[in-house]
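>>> no sequence on this one, just coordinates:
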């Protein structure tokens, strides 16, 4: 529970940080003098919620009763369903079949790339630990 709360706070803070960076970018690069408060709040809440669930859902990988494929499928389903709900509600993705499938394709490519990178990182860490244990 402590890990869940810690990750929740970190995710909310990270989502808030991304919101501020996005606002700065829109104002600076978009040359916007004013921002619509309704759109700003909707996007901020969406980004903060995404920050939260992207930091909390990896807890699935710490459940040792589940195999890695089951952990991966559950994690993918959780983040993709939550992301697409937020993306459709906020308006990041057009609510259409074409919008869904094009975004899903990009989402899957990014997910697979990140999953593979983390897999290789943790595999390398395990190999280092095993080598250190052999040296004892």
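Yep, it's here. As the structure is a prediction and not an experimental result, all values here were calculated from the model.
>>> please name the nearest non-neighbouring residue to residue 11.
Distances taken as CB to CB, 6 or more residues apart in numbering put residue 55 closest to residue 11, at 3.2 Å, once the chain neighbours are dropped. No exception for glycine: its C-beta is placed from N, CA and C like everyone else's.
>>> could you find the closest non-adjacent residue to residue 74?
residue 60 (5.3 Å).
>>> the one you found against residue 78, yeah?
Yes - under the criterion of CB atoms under 8 Å, residue 60 makes contact with residue 78 at 7.2 Å.
>>> assign the nearest residue to residue 27 once chain neighbours are set aside to helix, strand or coil.
Spatial nearest neighbour of residue 27, excluding adjacent residues (CB to CB, 6+ apart): residue 35 at 7.2 Å. At residue 35 the chain is in coil, as set by DSSP: H, G, I helix; E, B strand; the rest coil.
>>> domains in the protein, by residue range?
1-92, 94-136 (automatic domain parsing).
>>> which of these sits most buried?
Most buried of the domains of the chain by mean neighbour count (mean count of other CB atoms under 10 Å) is domain 1-92; its value is a mean of 14.
>>> what does the pLDDT read for the residue nearest the centre of the chain?
For the chain, the residue nearest the mean C-alpha position is residue 54 (3.3 Å; CA atoms, centre = their mean). Residue 54 carries a pLDDT value of 92.
>>> quick one, what contacts it?
11, 79 (CB atoms under 8 Å, 6 or more residues apart in numbering).
>>> give me the element it is part of.
Using DSSP states H and E, residue 54 maps to helix 37-56.
>>> show the pLDDT at residue 42.
Reported pLDDT for residue 42: 94.
>>> which residue is the nearest non-sequential neighbour of it?
residue 90 (5.4 Å).
>>> from residue 67, how far out is the one you found?
34 Å (CB to CB, to the nearest Å).
>>> could you do residue 27 as well?
For residue 27 relative to residue 67 (CB to CB), the value is 47 Å.
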